[in-house]
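Chemist: Could you look at this predicted model? Sequence included:
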Amino acid sequence: MKPCFVANTALAAAASLPGSAWAAPQLWQVGQPVQTTSGILHGQASEGAPLVSEYLGIPYAKPPIGCRRFQPPQRLLRRKSNVNTTSFGFHCIQTPTTPFTKEQAAAVGMPESANLVYEAFGLYPGGRGPLSEDCLTLNVWSKPQTGDAKKAVLFWIHGGSYKHGGSGLPGYNGKWIADSSDLVVVSVNYRLNIFGFPGNPQSSSNLGLQDIRMAMEWVRDNIERFGGDKHRITMAGQSAGAGLVDYYSYAYVSDPIANGFILQSGVAKGSSAPIDTATAQKSWLGLAGKLGCPNKTVSDETFHCMTGKPAADLVAGLGSEMTFVPVADNSLVFEDYAARQSAKGGYIVGANDNEAGLMYMWYPNASPELVAKLNDVAINCPAAERASRALAGGHPTWRYRYFGDFPNLALSTKPRSGSYHMAEIPMYFNTTPQAAVTSTSQQVAVGNYMRGAFAAFAKDTTAGLLSYDGWPIYNTQSKTLVRLAFENQTGTNLERGDLYDGGC
């Protein structure tokens with residue numbers, strides 16, 4: 001094949017269009033055509049929320065296929081064509097996952113409802129949807145006909161260990177937030193695994209993060225046409241998605257576009273920490289060797305060979321000895337954040353009370369001591385450090401710990417999974433599956449409370465939470481840690497900021 005040109009990463013990443021002067025019309029019809037830089041989008045009413053307009057599968061960059069594989073995202077030219085945005089786009093290429101066996105489920109007392117949770121968030125193959133390298137799309141939900149004339153925007157980044165997930169999963173549907181919180185909700189796909197974080201120094205090691213930046217620029221340039229306010233954009237994510245929010249807040253500190261950052265169970269450390277360039281290149285060359293490409297040293301020949309391989313071959317060649325996650329290139333992702341300043345704005349940093357409860361499905365005999373240690377090392381202690389660093393940087397900062405434990409979200413009962421890693425996400429999106437066990441009245445109230453709190457923050461990232469049920473600015477020495485859903489109740493239950501940090 002003809003060799004592909006290796007792009008100049010700095011120029012590709014810096015390309016930008018000026019912000020749009022468009023504004024949403026005063027009279028709005030649900031699902032009406034919207035002119036954007038991606039074309040004229042034709043949406044529809046959201047199922048179950050008929051006053052919410054949804055625009056799904058919107059392309060925000062050129063498809064990263066062919067010679068654009070392993071390259072920074074390239075901006076779409078301004079389009080005038082009609083685009084049907086009534087179905088989600090492809091999810092990005094990812095490795096398969098397998099259901100739990102009956103024996104595994106029985107060993108931990110896995111409730112029937114747990115299967116529905118796994119399907120809603122794509123942890124089983126059937127829930128992931130169609131896969132393709134042509135996956136750089138985003139989704140918009142809005143209700144411009146009511147509420148603020150210019151609404152605050154929530155920009156959501158899904159988790160999945162930088163390997164799995166997608167914005168079209170049922171659990172991440174933004175319609176209920178848009179319907180009840182007077183926000184414009186945006187969710188995004190970004191390249192995963194070898195395609196998003198290839199460890200290849202010829203172009204970029206952190207393409208997934210650059211995808212997020214390109215999507216943010218699209219929001220800046222187009223969101224006013226959906227009734228959004230481009231000056232009030234909050235980035236939010238969970239797990240790897242939170243890691244990307246945090247990486248972004250440092251990578252684009254001089255021009256963040258966003259002014260709010262919500263980090264749910266993930267920061268640029270702990271479970272979301274980057275790898276070094278040597279580890280990244282070892283994985284890159286290891287996979288190259290498996291596929292018959294030159295692998296003695298990093299070279300253009302290796303790059304061109306890998307670019308020409310079928311995507312299925314790349315995925316099939318992945319092994320447990322290979323790691324494709326964000327790389328500390330000291331350009332976008334850094335080895336040390338202790339002395340770095342992050343983007344100006346407000347921050348919410350959160351963790352769940354039993355993050356490692358998710359692991360019981362695989363390791364039901366894990367000791368309480370090991371689970372507690374994992375909770376601290378992977379999530380809680382990095383969150384504590386990040387919240388303190390944000391506060392020291394002069395940013396309005398809030399910190400929460402989530403305790404909710406509800407019957408239809410339990411993944412295991414022997415031992416009980418509790419408020420595990422991800423347990424708050426179905427609550428926030430109001431997407432807890434109801435087919436097996438319906439939500440309790442307390443559960444509904446907690447979900448409403450969470451959406452109200454995060455909406456108050458998004459609308460005013462410096463003071464909105466101060467007036468929302470008395471959420472105080474975080475301080476380690478006073479009662480400023482918000483215990484969300486403590487004993488499954490709503491309201492601001494406060495404790496000393498460092499109460500749960502003894503293991504740090």
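Modeler: Nice, I can see it.
Chemist: Pull the distance from stretch 194-212 to the chain's centre.
Modeler: Remark: stretch 194-212 is offset 17 Å from the chain centroid, using C-alpha atoms, centre = their mean, to the nearest Å.
Chemist: Could you verify that residue 315 is part of a helix?
Modeler: Yes: assignment of residue 315 by DSSP: H, G, I helix; E, B strand; the rest coil places it within a helix.
Chemist: how many other residues sit next to residue 27?
Modeler: When neighbours are counted by other C-beta atoms under 10 Å, residue 27 registers 8. Bear in mind the C-beta positions are built from the backbone N, C-alpha and C, glycine included.
Chemist: What residues sit buried inside stretch 350-364?
Modeler: 350-361 (16 or more other C-beta atoms under 10 Å).
Chemist: out of the residues you listed, which one sits closest to residue 114?
Modeler: Of all these, residue 361 has the smallest distance to residue 114: 8.4 Å, by C-beta to C-beta.
Chemist: can you redo the buried residues of stretch 350-364 as a markdown table with pLDDT, distance to residue 141 and secondary structure?
Modeler: Converted to a markdown table, the buried residues of stretch 350-364 look like this (pLDDT from 0 to 100; distance: C-beta to C-beta, whole Å; DSSP: H, G, I helix; E, B strand; the rest coil):
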| residue | pLDDT | distance to residue 141 | secondary structure |
| --- | --- | --- | --- |
| 350 | 98 | 23 | strand |
| 351 | 98 | 27 | strand |
| 352 | 98 | 25 | strand |
| 353 | 98 | 30 | coil |
| 354 | 97 | 31 | coil |
| 355 | 96 | 28 | helix |
| 356 | 95 | 33 | helix |
| 357 | 94 | 30 | helix |
| 358 | 89 | 28 | helix |
| 359 | 89 | 33 | helix |
| 360 | 89 | 34 | helix |
| 361 | 83 | 31 | helix |
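Chemist: any chance of those residues in CSV, with distance to residue 153 too?
Modeler: Putting the buried residues of stretch 350-364 into CSV (distance: C-beta to C-beta, whole Å) gives the following:
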residue, distance to residue 153
350, 20
351, 25
352, 25
353, 30
354, 32
355, 28
356, 33
357, 32
358, 30
359, 34
360, 37
361, 35
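Chemist: Pull the distance from the biggest helix by length in the chain to the chain's centre.
Modeler: Taking DSSP state H as the criterion, the chain has its longest helix at helix 441-459. Taking C-alpha atoms, centre = their mean, the mean C-alpha location of helix 441-459 is offset from the chain mean by 19 Å.
Chemist: next one: stretch 308-315
Modeler: With C-alpha atoms, centre = their mean, you get 25 Å for stretch 308-315.
Chemist: where do the helices sit along the stretch 301-450 of the chain?
Modeler: Along the stretch 301-450 of the chain, the stretches classed as helices by DSSP state H, counting those that start in this stretch are 311-316, 368-374, 381-392, 425-429, 441-459.
Chemist: Present these as TSV; the columns should include mean neighbour count and mean pLDDT.
Modeler: Shown next, in TSV, are the helices of the stretch 301-450 of the chain (neighbours: other C-beta atoms under 10 Å; pLDDT from 0 to 100):
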stretch	mean neighbour count	mean pLDDT
helix 311-316	14	95
helix 368-374	14	95
helix 381-392	22	97
helix 425-429	24	97
helix 441-459	20	98
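Chemist: and residue 495, which of those is closest to it?
Modeler: For these, the distance to residue 495 is smallest for helix 381-392, at 13.3 Å, taking C-beta to C-beta.
Chemist: Could you list every helix and strand in contact with that closest one?
Modeler: In this structure, helix 381-392 makes packing contacts with strand 346-352, strand 397-402, judged by 3 or more C-beta pairs under 8 Å, 6 or more residues apart in numbering; DSSP states H and E.
Chemist: Tell me which of those strands is the most buried.
Modeler: Burial of the helices and strands packed on helix 381-392 is given as mean neighbour count (mean count of other C-beta atoms under 10 Å); strand 346-352 ranks first at a mean of 27.
Chemist: re the thing from before, contact partners of the longest helix of the chain?
Modeler: In this structure, residues lying in contact with helix 441-459 by C-beta atoms under 8 Å, 6 or more residues apart in numbering are 148, 152-154, 176-177, 180-183, 232, 234, 236, 260, 262, 346, 348, 398, 404, 406, 408, 424, 427-428, 430, 432, 439, 464-465, 467-469, 471, 484-485, 488-491.
Chemist: List only buried entries from those.
Modeler: Among the contacts of helix 441-459, those classed as buried by 16+ other C-beta under 10 Å are 152-154, 176-177, 180-183, 232, 234, 236, 260, 262, 346, 348, 398, 404, 406, 408, 424, 427-428, 430, 432, 439, 464-465, 468, 471, 484-485, 490.
Chemist: Bridged to the residue nearest the centre of the chain, which residues?
Modeler: Nearest to the mean C-alpha position of the chain, by C-alpha atoms, centre = their mean, lies residue 157 at 2.3 Å. Beta-bridge pairing of residue 157 under DSSP bridges involves residue 188, residue 237.
Chemist: Surely it touches residue 246?
Modeler: No: taking contacts as C-beta atoms under 8 Å, residue 157 lies outside contact range of residue 246: 10.5 Å.
Chemist: helix/strand/coil for residue 129?
Modeler: Assigned with three-state DSSP, residue 129 falls in the coil class.
Chemist: for it, what are its contacts?
Modeler: Residue 129 neighbours (C-beta under 8 Å, 6+ apart): 88, 90-91, 122, 166, 168-169.
Chemist: Next step: the contacts of helix 441-459 restricted to strands.
Modeler: Among the contacts of helix 441-459, the members falling in strands are 152-154, 232, 234, 236, 260, 262, 346, 348, 398, 484 (criterion: DSSP state E).
Chemist: can you redo those residues as CSV with distance to residue 273?
Modeler: Shown next, in CSV, are those (distance: C-beta to C-beta, whole Å):
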residue, distance to residue 273
152, 30
153, 28
154, 26
232, 30
234, 24
236, 20
260, 23
262, 19
346, 24
348, 20
398, 23
484, 25
